[in-house]
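Q: let me see the structure of the following:
(2 chains)
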Amino acid sequence: AQTVTQSQPEMSVQEAETVTLSCTYDTSENNYYLFWYKQPPSRQMILVIRQEAYKQQNATENRFSVNFQKAAKSFSLKISDSQLGDTAMYFCALIRGNQFYFGTGTSLTVIP
Amino acid sequence: ETGVTQSPTHLIKTRGQQVTLRCSSQSGHNTVSWYQQALGQGPQFIFQYYREEENGRGNFPPRFSGLQFPNYSSELNVNALELDDSALYLCASSWNRGNYGYTFGSGTRLTVV
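A: You can find the predicted model right below:
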């Protein structure tokens, strides 16, 4: 079975500062993909960043980067230079086959 | 390129009734997945349709059923609604069941009273 755990229900960060969201997961697979999705009040899940498990290099996407520790099954998201538009729910997810497994989310508030 | 469109956006139903939710997939996508997101939770996989056939199902009872049409749009049907079916229902489309390239819609908020 696949599980994804996000232990921080809520977080806040000052505008322009850096924040890190934590995620751990469990899977018996060796090849899998990990994702961070953002869900603003509009409710649409928006892909933030993706990591292939077979790649050792951490993925980056502009202000967003991950710290992928495969042995520890840890996949944290770092947001640099936080902006007001980053305020949203953030979900960590793992995909196995055709099915996403999502964590319970972290509500991030960026404070002006 | 159009995104994923879901209708209706909000819906209120009475316990025991039946409901149909609709999803238009993104142009060029042939796979549609449905997820249920209860309040304060992450989305849970209901099932996936690929080229009009069910291609995997999560831990949901048979009263949750679906269809995919030749144009790759999809419907989610829920019979005998229960209070616990109240949730946001998300549709996601992709090309060939890929491990990336999923596009989500904005969901249908279903309230069962």
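
Q: ok, the residue of chain A found nearest chain B - contacts?
A: In chain A, the residue that lies nearest chain B is A:F102 (3.1 Å; Cβ to the nearest Cβ). C-betas here are computed from N, CA, C, even on glycine. The neighbours of A:F102, taking Cβ atoms under 8 Å, 6 or more residues apart in numbering or on different chains as the test, are A:V4, A:Y37, A:F91, A:C92, A:A93, B:G42, B:P43, B:Q44.

Q: apply 10 Å and report the result again.
A: A:4, A:6, A:35, A:37, A:39, A:45, A:91-95, B:35, B:37, B:41-45 (Cβ atoms under 10 Å, 6 or more residues apart in numbering or on different chains).

Q: also B:L39?
A: B:L39 touches B:S86, B:A87, B:L88, counting by Cβ under 10 Å, 6+ apart.

Q: let's verify the last one: helix, strand, or coil?
A: Taken by DSSP: H, G, I helix; E, B strand; the rest coil, the conformation at B:L88 corresponds to strand.

Q: spit out the contact partners of it.
A: Counted by Cβ under 10 Å, 6+ apart, B:L88 has contacts A:39, A:43, B:6, B:10, B:35-39, B:41, B:43, B:106-110.

Q: residues from chain B in reach of chain A?
A: Proximity of chain B to chain A, by Cβ under 10 Å from any Cβ of the partner chain, involves residues B:3-4, B:6, B:9, B:31, B:33, B:35, B:37, B:40-48, B:50, B:55-58, B:88, B:90, B:92, B:94, B:97-109.

Q: can you tell me which strand in chain A is longest?
A: Assignment by DSSP state E gives strand A:88-96 as the longest strand of chain A.

Q: quick one: that one near chain B?
A: Yes - Strand A:88-96 lies within reach of chain B by Cβ under 10 Å from any Cβ, at A:M89, A:F91, A:C92, A:A93, A:I95, A:R96.

Q: before we move on, what about stretch A:38-51?
A: Yes - using Cβ under 10 Å from any Cβ, we find that stretch A:38-51 touches chain B at A:Q39, A:P40, A:S42, A:R43, A:Q44, A:M45, A:I46, A:L47, A:R50.

Q: would you mind measuring the gap between the ends of that stretch?
A: End-to-end distance of stretch A:38-51 (Cα to Cα, to the nearest Å): 15 Å.

Q: tell me the buried residues in it?
A: A:K38, A:Q39, A:R43, A:Q44, A:M45, A:L47, A:V48, A:I49, A:R50, A:Q51 (16 or more other Cβ atoms under 10 Å in any protein chain shown).
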